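> here's a sequence, model it:
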Amino acid sequence: MKSHKSLSIAKLQTTSVLIFQDALDLFNIYTCYIRPFIAESFKLEHSAVWTETTSFIKEDKKWFQVNNFELFHLIKSPSIDFNALRQEVPVKYILKDDFSLNLCFHELIELIALHNKKLDIKLIYRQLKTILDKQMNQQLFGKNIFAVTKFCELIKINEQTYHKRRPTGVS
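Next up, the predicted model:
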């Protein structure tokens, strides 16, 4: 069932797109604790949204989006400009059984690493630690827990920087 093609933002807006349940917690972290602080970056340039292949699982006439956090917000936005509607996005259809948390987790980590100075990384770490159960940790890291040291390694900061960081006013 794996196939690659491109779809316009306009087409995606008219399709029933939901977040795949197994990725929902990561999308929520993005929506609540990352996007409000980096939205300006996306207003300036949407190229990451256009160039990243977005995976979908099709089931019962619904499309479940697996990755590309900002694309979901873009296609659900009522105020999108005409040029954005015409943009084509590379898409890939996968089977539910082929879903891997790695794809969306590492996309989220890349965004955190890229914008970590603007984010409350301690709060984000606590949120990630809460949602990553033993099985997910095994799948992602081959360990039973998600340690601060691993988080710091993933977002490319040292642990001392993490501990010195003050909250950014997010609660």
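> list the buried ones in stretch 95-114?
For stretch 95-114, the buried set under the neighbour-count rule, 16 or more other Cβ atoms under 10 Å, comprises 99, 101, 103-105, 107-109, 111-112. Placement of C-beta: from N, CA and C, glycine included.
> now do the strands in the protein.
Remark: strands assigned in the chain by DSSP state E are 3-8, 17-19, 54-59, 62-65, 88-93.
> packing partners for the third one?
Strand 54-59 makes packing contacts with strand 62-65, strand 88-93 when contacts are defined by 3 or more Cβ pairs under 8 Å, 6 or more residues apart in numbering; DSSP states H and E.
> to Glu52, which of these lies closest?
For those, proximity to Glu52 was assessed by Cβ to Cβ; strand 88-93 is nearest, at 7.5 Å.
> what residues does the closest one touch?
Strand 88-93 has contacts (Cβ atoms under 8 Å, 6 or more residues apart in numbering) with 1-9, 12, 49-58, 68, 71.
> ok, now which ones touch Leu111?
Leu111 neighbours (Cβ under 8 Å, 6+ apart): 30, 34, 38, 69.
> how about the buried residues of stretch 95-114 in JSON lines, adding pLDDT and distance to Leu119?
Output for the buried residues of stretch 95-114, formatted as JSON lines (pLDDT from 0 to 100; distance: Cβ to Cβ, whole Å):
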{"residue": "Phe99", "pLDDT": "95", "distance to Leu119": "26"}
{"residue": "Leu101", "pLDDT": "94", "distance to Leu119": "21"}
{"residue": "Leu103", "pLDDT": "93", "distance to Leu119": "21"}
{"residue": "Cys104", "pLDDT": "95", "distance to Leu119": "17"}
{"residue": "Phe105", "pLDDT": "97", "distance to Leu119": "16"}
{"residue": "Glu107", "pLDDT": "94", "distance to Leu119": "15"}
{"residue": "Leu108", "pLDDT": "96", "distance to Leu119": "11"}
{"residue": "Ile109", "pLDDT": "97", "distance to Leu119": "12"}
{"residue": "Leu111", "pLDDT": "93", "distance to Leu119": "9"}
{"residue": "Ile112", "pLDDT": "95", "distance to Leu119": "6"}
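> all set, thanks.
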